[in-house]
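Asks: Any chance you could fold what I've pasted below:
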Amino acid sequence: MIRLQAEEKKQNQALRLRLEIDRKPNHNPAIRIGFEARPLKSRELLVFADSEKEILSEGKVSFEEKENRFYFFPYVDLVWKETPRAEIHSLVANRRFTNPGKEWSAVEKSQCPRFLAELFSVEAVLSLYARDKVLQIETRKGFILSPGTERQISDLVLDYFMDLLPPLDEQSQNHQ
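Replies: Residues are numbered from 1 along each chain as shown. Model (predicted):
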């Protein structure tokens, strides 16, 4: 906040920080922070761009003064659900993976978004299907997901949501 105070002094007016998500093709999104004039009656020192309010309100934005950095921690709940077929594993999130249903196979993993390619690196994963807030993972017959493998997959999903990436159906095929 020292930088904000310095900028206020320099511009001789009350300012606040404005957060936006900078989404460049083929790059992970980054939070961009700028200054804007603060209305006289406002006490808010931090605001989100209108287009980002929904996604950034679904988590906690934190400022680490020592590092002079902002961090975003999304509120993500993941629940593993059993399915009728032993080789299909269902992971339900409180955040959206896709709008329409979409399927990917291990054969095409080099053309998938990075997050999905990382999931295919998990032992025995053959295909993935995502629709809305559900991610289904097909493994080879007879393979049992261990608690360690479930944790590894859950960690990859959490990383995906923390990276502020758009839903999988909105990412370009070349997004890495």
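Asks: Give me the residues contacting the helix or strand Phe72 falls within.
Replies: Secondary structure from DSSP states H and E places Phe72 in strand 69-74. Contacting residues not belonging to strand 69-74 are listed as 19, 31, 33, 56, 58-64, 95, 161-162, 164 [CB atoms under 8 Å, 6 or more residues apart in numbering]. Just so you know, the C-beta spots here come from the backbone N, C-alpha and C atoms, and that holds for glycine as well.
Asks: Which elements pack onto the element among helices and strands of the chain having the smallest mean pLDDT?
Replies: Ranking every helix and strand in the chain by mean pLDDT, DSSP states H and E puts helix 53-57 at the bottom, with a mean of 77. Secondary-structure packing of helix 53-57 (3 or more CB pairs under 8 Å, 6 or more residues apart in numbering; DSSP states H and E): strand 15-22.
Asks: and the helix or strand following the strand it packs on, which strands flank it?
Replies: On the C-terminal side of strand 15-22, the closest following helix or strand by DSSP H and E is strand 30-37. Strands that pair with strand 30-37, judged by DSSP bridges, come out as strand 15-22 (antiparallel).
Asks: Now do the partner strand and strand 69-74, the angle between them.
Replies: Between strand 15-22 and strand 69-74, the angle comes out at 60 degrees (axes from the mean of the first three to the mean of the last three CA atoms, to 10 degrees).
Asks: Can you give the contact residues for strand 15-22?
Replies: With CB under 8 Å, 6+ apart as the criterion, strand 15-22 contacts 4, 7-8, 29-38, 42, 44-49, 51-52, 55-56, 61, 70, 164.
Asks: same thing but 10 Å
Replies: By CB atoms under 10 Å, 6 or more residues apart in numbering, the list of residues contacting strand 15-22 from outside reads 1, 3-5, 7-9, 28-39, 42-53, 55-56, 61, 63, 70, 72, 164-166.
Asks: Could I have the buried ones of those as ChimeraX selection syntax?
Replies: Buried subset of the contacts of strand 15-22, written as a ChimeraX selection, criterion 16 or more other CB atoms under 10 Å:
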select :4,29,31,33,35,38,48,52,55,56,72,164,165
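Asks: burial measure for Cys89, as a count.
Replies: Quick fix: residue 89 is His, not Cys. Counted with other CB atoms under 10 Å, the neighbours of His89 add up to 22.
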